[in-house]
Structures are given as C-alpha cells and as structure tokens.
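> Sequence and computational prediction follow.
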Amino acid sequence: MADKPFLTDIKTLRERARKHIEQGAVTEGYSADRETVNKILNEALATEIVCVLRYKRHYFMATGIHAEGVAAEFLEHANDEQGHADLIAARIVQLGGEPNFNPEGLLMRSHAEYVEGSTLSDMIKEDLVAERIAIDSYRDMIQYLGNDDPTTRRMLEGILAVEEEHADDLVSLLGEVG
Ligand SMILES: [Fe+2]
Ligand SMILES: [Fe+2]
C-alpha cells in the first residue's frame, strides 16, 4: 500500500470543528442522512418499548410448572429491552433529534407486534418471533449505516448481539416447556 494519507488534514479538521459547535457530536464529517437515521432509530425505539411491554405482560402472566424459570427469563429480557430503548433514545438526542415516546401510534412505528398469548409456550413463541423480527431489522439498519455513522452502527451491533442471545434463550426454553 503506497503512502495513504490520513483522511483529513489536521488544519481542516480543526477549522471544521469550530463551525456549528451548537450541533455538538454532529460534525461536518457526519455523512449519514440524519433525518433518516433518526427515523429508523425511532422505529427501533418503538420496537424496544413494545418488547418491554410484551415481556412484562408475559412475566406477570406466566403460570404452570415451568413458570418460575421462564418468568425470570421474561423479566431479564424486559430489562434488557428497556436498556436498549434508553441507549437508542440517548443516541437520537445526540444526533439532534427527539425520541418519540408517544403511546399513540407506538404499535404502528414498532416492527415487532404485541401478542399476549395464552399458554406459556405461546408466549415464548411470540417472543421468539418478535426477537427474529428485531434481529432482521437491526441487521438491515447496520447495513444501511455502513461507514456513514460508525457510532450508531456499533450501538446497533451491540444490541443485535443481545437480541440473538434472546432468541437463543427462547429456543432453549421452548425445548424445556415443550
Ligand atoms: Fe432489544
Ligand atoms: Fe430481545
């Protein structure tokens, strides 16, 4: 590899940083389409909130001989999803947007559905479907961002890894509950 120059010279970097300081973390080098990024992050936020609500419902409604262990897993996932929602909301603000917590239209914005399910195994199956939807949509978002917004991409990659663990947990639970 011939002498590959660093992307931007220091003088230009310093000059650019002084302009538009009110935009905080968003610099001129930010090459993603911020409006679109905030829109997809708000969809992810809605998805996470719906997942918190569904897991909480399942946590309180879990009954049967296997209920205790399964309920504990539901609660753990609910807390993880709440953590994801918080990360996403904070990133939206960092990007100069506003996190949408409006309950009106929440299900429309969410990728995953809210299905209560009657039996323990129904609940686990519905959660598994929701996790699989989340996995696919996070993968799409990561691909969309590419190298245009590495911070958001990294955050989403971290969340994606947890959703994959959740799906894996649920498959194991389904095997135990039958
Ligand atoms: Fe999540
Ligand atoms: Fe999850």
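Structure's in. What do you need? Ligands and ions are numbered 1, 2, ... in the order given.

> interface residues of this structure facing ligand 2?
When proximity is defined as C-beta under 5 Å from the ion, the chain approaches ligand 2 at Glu131, Glu163, His166. The way it works is simple: take the backbone N, C-alpha and C, and place the C-beta from them, glycine included.

> Where does this structure get nearest to ligand 1, residue-wise?
Closest contact between the chain and ligand 1, by C-beta to the ion, is at His84 (3.7 Å).

> Okay, and that residue sits in which element?
Assigned by DSSP states H and E, His84 belongs to helix 67-94.

> following that helix, which helix or strand comes up?
helix 106-109.

> Does anything pack onto the helix or strand following that following helix? Which helices or strands?
Sequence-wise, the next helix or strand downstream of helix 106-109 (DSSP H and E) is helix 120-145. With contacts defined as 3 or more C-beta pairs under 8 Å, 6 or more residues apart in numbering; DSSP states H and E, helix 120-145 has these neighbours: helix 34-61, helix 67-94, helix 150-177.

> Mind listing what's buried along the second one?
Read that as helix 67-94. 70-71, 73-75, 77-78, 80-82, 84-85, 87-89, 91-92 (16 or more other C-beta atoms under 10 Å).

> on that earlier part again, show me how far the helix holding His84 is from its chain's centre.
10 Å (C-alpha atoms, centre = their mean, to the nearest Å).

> same for it, what does it pack against?
Against helix 67-94 (3+ C-beta pairs under 8 Å, 6+ apart) you get helix 34-61, helix 120-145, helix 150-177.

> got those helices as TSV, with distance to Arg109 columns?
Output for the helices and strands packed on helix 67-94, formatted as TSV (distance: least, C-beta to C-beta, whole Å):
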stretch	distance to Arg109
helix 34-61	4
helix 120-145	12
helix 150-177	17
